[in-house]
Structure formats: structure tokens, C-alpha cells
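> Just need the structure, nothing else, for what follows:
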Amino acid sequence: MKKSTAIKENEQNSDFIRQIVLESILDKKGNEIVCIDLTQIAEAVSDKFIICEGTSTTQVCGIANGIVEKLAKDFKIYPLHLEGMNSQEWVLLDYFDVVVHIFLREKRNFYQLEELWSDAEIIYYDEMGNPKNVLTA
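Numbering: from 1, shown residues only. So this is what the prediction gives:
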């Protein structure tokens, strides 16, 4: 397989997972959804970060479980790593090229991942899942 073909397939896979994650977050009424495109950042650990928040630990857990169940059941895609389900204040789902961060608002405000990766393209989504604002570095 040519390198360019492998890169294109990787981008398509990232976009597919991003779309399913976005739909799953919306199904569970997640708030303040953001996608950070890290593909142009050499030291980034993945291609995309998807960030959202829930209003309670129960909702944070529900969003995380919804994403994991949808990708596993319908597409046989499983997270490489899952973290934070005990505290349910910040849950991380690692799908290698796509890392999902589900926060309680207080934790999200404290860690400010959008600020940390402000040199990347950041896409903000409305409550229907439509891009409402794109910030480029």
C-alpha cells in the first residue's frame, strides 16, 4: 500500500469515528462539543480530540457508555484505552486517531484543552451537530 493511500484511509477512518462520536454525544444531550484537528501538529498524540461536557457525573458516564456501545456494537471498533469511569468527572476514550474527552464543566474549565491546543484548527458545534465556528491558528 502506498503511503499516500494509507494516509487517506487513516483520515477517512478518523472522520468516520468523529462522526459516530458526534452523533453519540448528541444522542445523550452532551453540551459544548468541540473537535480539535491535530493533524498539522507534529507532537500531537492523535489526529483529533473531541471534547464535550455533561451536566452531571451520570450524564458524563452515559455519554461515554453511549459512544463505546455504538462503536463496538455497530462497527466492532473498541477503544484502545478508557480512563476516568470511576470518578466520571473527566472520561477519556482513546480510539488511537481520535481521542474523546467528556468533562464536567468545572473540570473542563480547569484543564482548558482548547487553550492548550490553540495552535490547531478548532471546530465548535451547535446543539444539532452542525459546525458553528471554526478557528484556525
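> So which residue is dead centre in the chain?
Ranked by distance to the mean C-alpha position of the chain (C-alpha atoms, centre = their mean), the top residue is Ile50 at 2.2 Å.
> who does that one bridge with?
On the basis of DSSP bridges, Ile50 is bridged to Cys35, Val100.
> Assess the claim that it and Val21 are in contact.
Yes. Ile50 is within contact range of Val21, at 5.3 Å (criterion: C-beta atoms under 8 Å). C-betas here are computed from N, CA, C, even on glycine.
> Identify the contacts common to these two.
Jointly contacting Ile50 and Val21 under the rule C-beta atoms under 8 Å, 6 or more residues apart in numbering are 98, 100.
> May I ask which helix or strand encompasses Leu93?
Using DSSP states H and E, Leu93 maps to strand 90-94.
> How about residues contacting that strand?
Here strand 90-94 makes contact (C-beta under 8 Å, 6+ apart) with 46, 60-61, 63-64, 67-68, 79-85, 99-104, 107-108, 111.
> can you check stretch 35-55 too?
The contact list for stretch 35-55 (C-beta under 8 Å, 6+ apart) reads 10-11, 14, 18, 21-22, 25, 28, 30-34, 60, 62-63, 94, 96-105, 108, 113-114, 117, 119-123, 125.
> Show the buried residues in those.
Buried members of the contacts of stretch 35-55, counted by 16 or more other C-beta atoms under 10 Å: 14, 18, 21-22, 25, 28, 30, 33-34, 60, 62-63, 96-104, 108, 113-114, 117, 120-123, 125.
> Tell me which of the residues you listed fall in helices.
Among the buried ones among the contacts of stretch 35-55, the residues falling in helices (DSSP state H) are 14, 18, 21-22, 25, 60, 62-63, 108, 113-114.
> Can you pick out the most distant pair from these?
The span of these, defined through C-beta to C-beta, is set by Ser14 and Gly62 at 24.2 Å.
> List phi and psi for Glu83.
With angles defined as degrees, to the nearest 10, Glu83 shows backbone torsions of phi -140, psi 140.
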